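Undergrad: Kindly return the folded structure for what I paste below:
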Amino acid sequence: MSSLSRIARAGAGLLGAVLVLTACEGDGRQGIPTDPPSAPTTEETTTATTPTTSATTTTPEPPPGPAVGDVPGNPQAASALGAFLADLEAGGPPAVTPTCWTVPPTDIPVRYSDVASIADAAGQPGVDGQYAVTWTGPVSTVSIKRSEIASGYACPSVYPTGTAPVFTDLDATYTVERYLGRFTGAPVDPADLEGDYPLVCDTRPTWDPQGTGVPTPAPLANNPGRLTGSASYNPASVYVAFTNGDYKTVYADVTNVSGFEQNQVFTLGIGANGYCIGDIA
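TA: Okay, here's the model as predicted:
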């Protein structure tokens, strides 16, 4: 082997040793191979999306009530008539019979038979008069008493538009029956009290059944409990004996607590609530 070959081989060996040493010094751990590079970690972030539910509670609106015309200055009147009209439209006369105990029961099917014309009248503007509130429709006119407005449930009088309300014998006898029922422990309804539903004429000087031209307060106005002590009465005995203009005379057989039966004579006139009892003889 020539000298040049030996020098070349020696140089190659020396270069290889240097390369090995350089490779081992890369991580400071001589003779221990370095860890392979870690694979890049991809962090997967899952965002849990919670659906947002709009919990909007919808309160159903109550069905609209019957249309009743406003009464300027007396909103209770429209409310009281509306309560009655809602029952009448829902079930006709039978539906209002239990609550309209201020009306003669046999009169209810006739008075409230034309539901449509009553509803038409009630839908018109109301007029607040001296003794009653009135709604006038094309066919019928309805009016309610102040005592019934205060109760919140008003059973109206109904009469043809263009005419005046008519008070009948039936109205007169029923007034007497209600009055007697209170004193004999059998009122037509527990709420039928004189303070709320007056049947006795008031103290205004308007009483003049004899036509003297000099009206006075009704005699019973200052003695409304005239028949206190009555035990019962005979419903079959109650009838109108005669009529004198706006005044009616009604007879009734009344038995007191001692068992004594007497025919009582009631004189009725027209007051703020229809017929009122002004005298008992």
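Undergrad: Quick one: the strands in the protein, in order.
TA: Taking DSSP state E, the strands of the chain run over residues 126-128, 132-136, 140-145, 157-160, 230-233, 239-244, 247-256, 261-271, 274-280.
Undergrad: so where is the stretch 1-150 of the chain shaky, pLDDT-wise?
TA: 1-64 (pLDDT under 70).
Undergrad: Mind doing that once more with 80?
TA: Where the stretch 1-150 of the chain drops to pLDDT under 80, the residues are 1-65.
Undergrad: Just the helices from it, written as ranges.
TA: 3-24, 75-91, 93-96, 108-111, 115-122, 146-151 (DSSP state H, counting those that start in this stretch).
Undergrad: Residues contacting the fifth one, please?
TA: With contacts defined as C-beta atoms under 8 Å, 6 or more residues apart in numbering, helix 115-122 is touched by 66-69, 81-82, 85, 88-89, 92, 112, 135-142, 156, 158, 161. Just so you know, the C-beta spots here come from the backbone N, C-alpha and C atoms, and that holds for glycine as well.
Undergrad: tally of neighbours for T163?
TA: Residues lying near T163 (other C-beta atoms under 10 Å) number 8.
Undergrad: wait, what's in contact with it?
TA: So T163 contacts T141 (C-beta under 8 Å, 6+ apart).
Undergrad: From S157, how far off is it?
TA: Separation of T163 from S157 (C-beta to C-beta, to the nearest Å) stands at 11 Å.
Undergrad: Ok, G137 next?
TA: In this view, G137 and S157 are 14 Å apart by C-beta to C-beta.
Undergrad: so what's K145 closest to, chain neighbours aside?
TA: N273 (5.0 Å; C-beta to C-beta, 6 or more residues apart in numbering).
Undergrad: can I assume E261 is in contact with T255?
TA: Yes - with contact defined as C-beta atoms under 8 Å, E261 counts as touching T255 (4.5 Å).
Undergrad: overlap in contacts of those two?
TA: Common neighbours of E261 and T255 (C-beta under 8 Å, 6+ apart) are N234.
Undergrad: distance between stretch 186-196 and the chain's centre?
TA: From the chain centre to the centre of stretch 186-196 is a distance of 22 Å (C-alpha atoms, centre = their mean, to the nearest Å).
Undergrad: what's the model's confidence in it, averaged?
TA: Averaged across stretch 186-196, the pLDDT comes to 96.
Undergrad: Which residue, other than its chain neighbours, is closest to the most centrally placed residue in the chain?
TA: Centroid check for the chain by C-alpha atoms, centre = their mean gives A83 as the closest residue, at 6.1 Å. Using C-beta to C-beta, 6+ apart and skipping residues adjacent in sequence, the residue nearest A83 is Y153, 4.8 Å away.
Undergrad: Thank you, goodbye.
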